[in-house]
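Enquirer: here is my input; please provide its structure:
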Amino acid sequence: MYISGNRYKTALAGIALCGFLAFTGCATIGADSEGPADAQPAKADQATAATPDDNRIAVESVRGSSDGTRVIISTTGSVKYTVFKLNDPPRLIIDMPNVDMSRISSPIDVKNEFVKDVNVQPMAEGMNIGRVVLGLNEGVDHKVMAGANMLLVTLSKPASEPQETASSAKASDVNTEEVATPVEGAAPVEAVAKEPAMPATGITGISSSSATGNTVLTISMNGAPAEYNAFALDSPARIVIDVMGIKNMTGKSSFKLNEKYVKSLRVGTHKGKVRLVVDASDKKLPKYVIAKAETGLVLNMGANAVEQAAPATAPAVAVAAKAAAPEQTVSPAPAVEPAAVPVEKVKDDSAQVTLVDYRKLNGNGRLTVVRSIKTEIKVEESADGKTLMLDLMNATLMDDLKRTLDATKLNTPVLAVSSYQESEAPVKDVRVLVKLAGKTKYEVTESETSVSVDFTTAVAASVDTAVVEAEKKQEPDVTVGIESNSGEESETGEKPKVFTGKKIDIDMVDANIHDIFRLLATVSSFNIIASDDVKGTVTLSLKNVPWDQVFDIVLKSKDLGVSRIGNVIRVAPTATLRKEKDTALAAKKAQEKLEPLDIRFIPVNFATASDLSSHVKAVLSDRGSVTSEKRTNTLIIKDVKQGIADAEKLIAKLDNAIPQVQIEARIVEAESSFTRDLGIQWGLDYRLAGDSVRTNTMGSTTQNGQTAADLNGGGKTDFSSQNGATTGDLSVPNTVKTEWPTNAGVTNYAVNLPATNTLGALGFIMGRNGTNPFILDLRLSAGEASGRLKTISRPRVTTLDNKEAKIEQGESIPFETTSASGTATTFIDANLSLTVTPHITPDGSVLMKIKASRNSIGTFRTSSGAPSINKKEAATEVLVLDGETTVIGGIIVSDKNDSESGIPYLMDIPLLGWIFKNKHTMDNQKELLIFITPTIIKDKAA
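Expert: So this is what the prediction gives:
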């Protein structure tokens with residue numbers, strides 16, 4: 001609902017306008033066809049009110065002209081007046097005090113492009129306040145001027161609003177009511193040459209065809225279609241079209257069409273509009289475009305709906321029509337890429353921006369900028385992340401796009417979108433400035449003719465929720481921003497008042513404050529009563545301000561306060577209200593002093609009575625007292641009935657069972673080990689011919705100096721010839737080892753590099769007897785070991801909220817220590833323990849201070865025998881939701897060792913080096929994880 005009024009014009013403008021009217025013959029005033037030559041602005045301090053018998057009001061004529069329709073209200077003298085505009089339905093209301101309306105009969109049926117009818121009526125019996133109500137069509141501006149004996153009302157379409165607009169977006173990118181207002185994103189095209197048809201008042205027929213491959217749905221009306229809004233919905237797929245200011249004259253509420261893309265159409269009548277619901281044949285909507293025809297609307301649905309031309313009767317109009325009312329917000333249409341509008345080629349080859357639009361699509365926000373040709377763009381974000389600048393280089397912006405879109409109602413990260421010409425010729429740049437609620441993620445997508453910026457919304461409202469909210473906002477306001485029983489202003493630093501009333505425009509000069517309150521009562525549907533000491537006049541000019549904020553401003557300007565009971569608001573000076581409040585408080589205290597005292601025994605169940613006594617004392621009266629009885633845990637309260645009642649309420653809130661929390665810890669230890677060893681041992685023993693030369697090599701000599709190749713007990717041996725002859729005593733080498741293979745092999749190795757952890761070995765001996773005997777003793781050794789260990793400890797403890805709990809399990813290890821005073825036994829603890837202090841937050845989470853540890857006996861021992869202790873411990877504070885598990889700590893230890901040992905230089909020989917070295921490989925892994933799971937123990941009685 002809107003209220004608006006214009007300031008009075010200057011005297012010169014009034015004289016010039018009245019002279020123009022007399023000259024053109026557009027209007028006659030009284031019997032003087034020349035018009036009043038002394039027309040002056042009707043200022044309140046200069047106006048003279050005629051008596052009811054002398055002052056008469058008449059609607060003389062309503063005549064159309066090229067610049068709008070004039071309504072002339074002739075009077076017998078100058079009058080004061082108040083003008084305001086209402087929007088549902090559109091009408092202009094003019095109130096004039098001290099005016100007799102008895103000469104005028106109403107209603108006066110007009111029905112032209114701007115005015116539907118004129119009604120005159122008195123406001124209140126016996127008060128001589130007259131009201132003239134002009135029923136308007138949608139989108140009509142007004143101007144009011146006052147003369148000595150007249151009021152002149154000029155009505156016209158807004159100059160900035162093109163009569164016809166062309167689509168600057170693809171058809172399926174329907175500008176739903178989930179669009180930042182004002183929604184004036186269509187680019188202007190050539191106006192239709194002929195005069196516009198009369199506005200439609202009703203829908204006369206529905207027809208459809210799929211002959212062209214697309215489905216063309218024609219909505220016939222008895223005149224030019226008024227403003228309309230359209231949006232798309234899913235589940236099921238459908239298009240909703242709201243046409244303002246018309247009725248359903250078809251006599252049917254549904255049409256079975258069974259076309260290629262349209263299954264049916266439903267028609268519903270609502271206050272001030274007709275809603276058309278087009279049900280799609282498939283689960284998903286195809287591309288579509290809605291165009292205005294001379295006498296209706298045309299909906300074209302199909303794959304090439306955008307490319308097909310609109311009917312020749314009127315240019316196509318994208319569904320970017322103005323929202324009928326700011327309060328109406330509905331669900332978003334599906335996101336589709338906007339199409340460029342054909343525009344005239346700019347002579348300087350710069351791009352022309354034809355659309356700047358912001359809307360909510362699929363739960364996220366999308367900024368769309370359409371241009372005639374591709375240009376360079378720059379995107380820059382402010383340091384705080386609350387401003388995003390999109391610059392289009394070498395581009396011009398249409399005048400009707402130089403504006404700011406309010407996007408606060410769309411529930412997206414974007415608060416407002418401003419578009420303006422950043423620089424003029426010869427360098428032309430267009431800047432689109434996006435104000436954000438905070439730092440948010442965005443993605444820029446550029447095509448040949450458009451730039452889209454998508455903003456991610458954390459929580460997107462569902463379509464059904466948006467529709468419900470839209471319906472709620474259309475209902476009259478029930479709650480407003482007026483504080484009950486308060487006549488004082490808010491202190492500095494307090495949270496500011498939130499005003500939720502319907503926005504109005506109001507323009508008054510020296511208006512009586514009682515008249516303002518009566519006007520606000522009409523707008524708000526509240527009953528407003530003003531006391532006798534409320535008086536004075538107010539001059540104010542406000543636009544687009546909630547009515548309750550206007551009310552608050554008037555109250556503050558006159559040092560007034562309010563006392564509200566139900567839907568009745570009483571207005572009085574703040575001093576009066578404060579005095580009444582003090583008087584009531586004094587009377588209450590006096591009554592308390594006379595009231596007898598009662599005694600009440602209140603047992604305390606969960607808390608301690610002595611702890612509650614200090615809190616109870618604070619709510620008692622001056623005569624009240626409270627004591628606690630420790631044995632029975634009872635409070636003894638003595639006070640008036642009201643004080644005892646207040647104490648009982650407080651105790652009921654404080655004496656509650658303390659919630660309990662069960663905390664479970666899981667300490668998981670995992671260990672894996674792997675060891676591999678490879679080694680070699682070998683030695684060589686040989687002797688030259690003859691007894692006198694004995695060679696021991698590679699350290700293989702025995703303890704008595706003999707070589708391993710010696711015969712046990714060697715010496716001289718008699719050998720016979722083959723024919724039995726004795727050859728004599730010969731000294732020959734000991735070529736045979738009598739204890740072979742029992743004592744075969746060397747005793748000391750030349751290369752002695754066995755495996756560290758030998759689990760198996762392979763050895764062999766090679767030798768030769770004869771003149772030069774020798775023995776080679778070789779041994780290969782190897783060992784490999786692997787292991788896995790997993791230990792899970794699960795301590796669990798239950799405790800009260802904000803109370804520390806500890807659970808421990810383990811052993812105390814004794815050992816003796818010796819000192820000057822003697823020998824003493826000392827104990828070392830190797831325990832598994834859990835210490836925790838929980839706190840339950842209001843949202844059901846658990847804040848915990850935790851210390852978890854697992855200590856075990858180590859392998860190291862001191863000289864006195866005291867063992868080492870392996871400690872694993874974690875101490876922290878965490879916030880965890882009820883029943884969820886979190887990891888408060890973890891330790892991973894990885895120990896790898898690859899080592900080789902051998903004879904220098906020889907061990908580095910490829911392949912052959914393996915007989916001069918051994919190898920040791922070790923890989924150990926240890927992991928420790930500590931898990932915590934808190935569980936709030938629910939009250940079984942709840």
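Enquirer: when you work out contacts or count neighbours from here on, use the C-alpha atoms and nothing else.
Expert: Fine.
Enquirer: any idea how far the spatially closest residue to N527 that is not a sequence neighbour is from A530?
Expert: Spatial nearest neighbour of N527, chain neighbours left out: V568 (4.7 Å); criterion: C-alpha to C-alpha, 6 or more residues apart in numbering. In this structure, V568 and A530 are 11 Å apart, going by C-alpha to C-alpha, to the nearest Å.
Enquirer: I'd like the average pLDDT over the helix or strand containing L134.
Expert: In this structure, L134 sits in strand 130-136 according to DSSP states H and E. For strand 130-136, the mean pLDDT works out to 81.
Enquirer: against which helices or strands is that strand packed?
Expert: In this structure, strand 130-136 makes packing contacts with strand 90-96, strand 115-122, judged by 3 or more C-alpha pairs under 8 Å, 6 or more residues apart in numbering; DSSP states H and E.
Enquirer: and the ones you listed, which one averages the lowest pLDDT?
Expert: Comparing mean pLDDT over those, the weakest stretch is strand 115-122, at a mean of 76.
Enquirer: mind giving me the packing neighbours of that strand?
Expert: Contacts defined by 3+ C-alpha pairs under 8 Å, 6+ apart place strand 115-122 against strand 108-109, strand 130-136.
Enquirer: okay, now the residue nearest to N527: neighbour count?
Expert: Using other C-alpha atoms under 10 Å, V568 is surrounded by 14 other residues.
Enquirer: pretty sure K872 is in a strand, no?
Expert: Yes. Counting by DSSP: H, G, I helix; E, B strand; the rest coil, K872 falls inside a strand.
Enquirer: so it sits right up against I857, yeah?
Expert: No. At 11.6 Å, K872 does not count as touching I857 under the criterion of C-alpha atoms under 8 Å.
Enquirer: the closest residue to S531 other than its chain neighbours: which element?
Expert: Distances taken as C-alpha to C-alpha, 6+ apart put A572 closest to S531, at 5.7 Å, once the chain neighbours are dropped. According to DSSP H and E, A572 maps onto strand 568-573.
Enquirer: quick check: next helix or strand after that strand?
Expert: Per DSSP H and E, strand 568-573 leads on to helix 574-594 as the next helix or strand towards the C-terminus.
Enquirer: which strands and helices sit next to that next one?
Expert: Where contact means 3+ C-alpha pairs under 8 Å, 6+ apart, helix 574-594 is packed against strand 560-565.
Enquirer: any stretches of the stretch 751-900 of the chain with poor pLDDT?
Expert: Filtered on pLDDT under 70, the stretch 751-900 of the chain yields the residue ranges 769-772, 864.
Enquirer: how about the strands in it?
Expert: In the stretch 751-900 of the chain, the segments counted as strands under DSSP state E, counting those that start in this stretch are 751-753, 760-768, 774-793, 796-800, 805-819, 822-840, 845-861, 867-881, 886-902.
Enquirer: please apply the same query to the stretch 551-700 of the chain.
Expert: The residue ranges that make up the strands of the stretch 551-700 of the chain, judged by DSSP E, counting those that start in this stretch, are 560-565, 568-573, 598-603, 625-629, 634-639, 660-686.
Enquirer: any chance of these in JSON lines, plus mean pLDDT and distance to T798?
Expert: Compiled in JSON lines, the strands of the stretch 551-700 of the chain are given as follows (pLDDT from 0 to 100; distance: least, C-alpha to C-alpha, whole Å):
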{"stretch": "strand 560-565", "mean pLDDT": "88", "distance to T798": "51"}
{"stretch": "strand 568-573", "mean pLDDT": "90", "distance to T798": "56"}
{"stretch": "strand 598-603", "mean pLDDT": "92", "distance to T798": "27"}
{"stretch": "strand 625-629", "mean pLDDT": "91", "distance to T798": "30"}
{"stretch": "strand 634-639", "mean pLDDT": "92", "distance to T798": "28"}
{"stretch": "strand 660-686", "mean pLDDT": "87", "distance to T798": "4"}
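Enquirer: can I get those in JSON lines with distance to D141?
Expert: As requested, those are arranged in JSON lines below (distance: least, C-alpha to C-alpha, whole Å):
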{"stretch": "strand 560-565", "distance to D141": "35"}
{"stretch": "strand 568-573", "distance to D141": "34"}
{"stretch": "strand 598-603", "distance to D141": "70"}
{"stretch": "strand 625-629", "distance to D141": "70"}
{"stretch": "strand 634-639", "distance to D141": "68"}
{"stretch": "strand 660-686", "distance to D141": "68"}
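Enquirer: to A782, which of those strands lies closest?
Expert: Distances from A782 to each of these were compared using C-alpha to C-alpha; the minimum, 4.5 Å, belongs to strand 660-686.
Enquirer: picking up where we left off before, tell me which of the helices and strands packed on strand 130-136 sits nearest to P904.
Expert: Evaluated with C-alpha to C-alpha, the helices and strands packed on strand 130-136 place strand 90-96 nearest to P904, the distance being 105.6 Å.
Enquirer: helices or strands up against that closest one?
Expert: Strand 90-96 sits against strand 82-87, strand 130-136, with contacts defined as 3+ C-alpha pairs under 8 Å, 6+ apart.
Enquirer: next, the buried residues of that strand.
Expert: 90-96 (16 or more other C-alpha atoms under 10 Å).
Enquirer: and if you look at stretch 900-907?
Expert: Buried residues in stretch 900-907, counted by 16+ other C-alpha under 10 Å: 902, 907.
Enquirer: let's see the distance spanning that stretch from one end to the other.
Expert: End-to-end distance of stretch 900-907: 9 Å, with C-alpha to C-alpha as the criterion.
Enquirer: what does that stretch contact?
Expert: By C-alpha atoms under 8 Å, 6 or more residues apart in numbering, the residues outside stretch 900-907 that reach it are 753, 913-920.
Enquirer: good, wrapping up.
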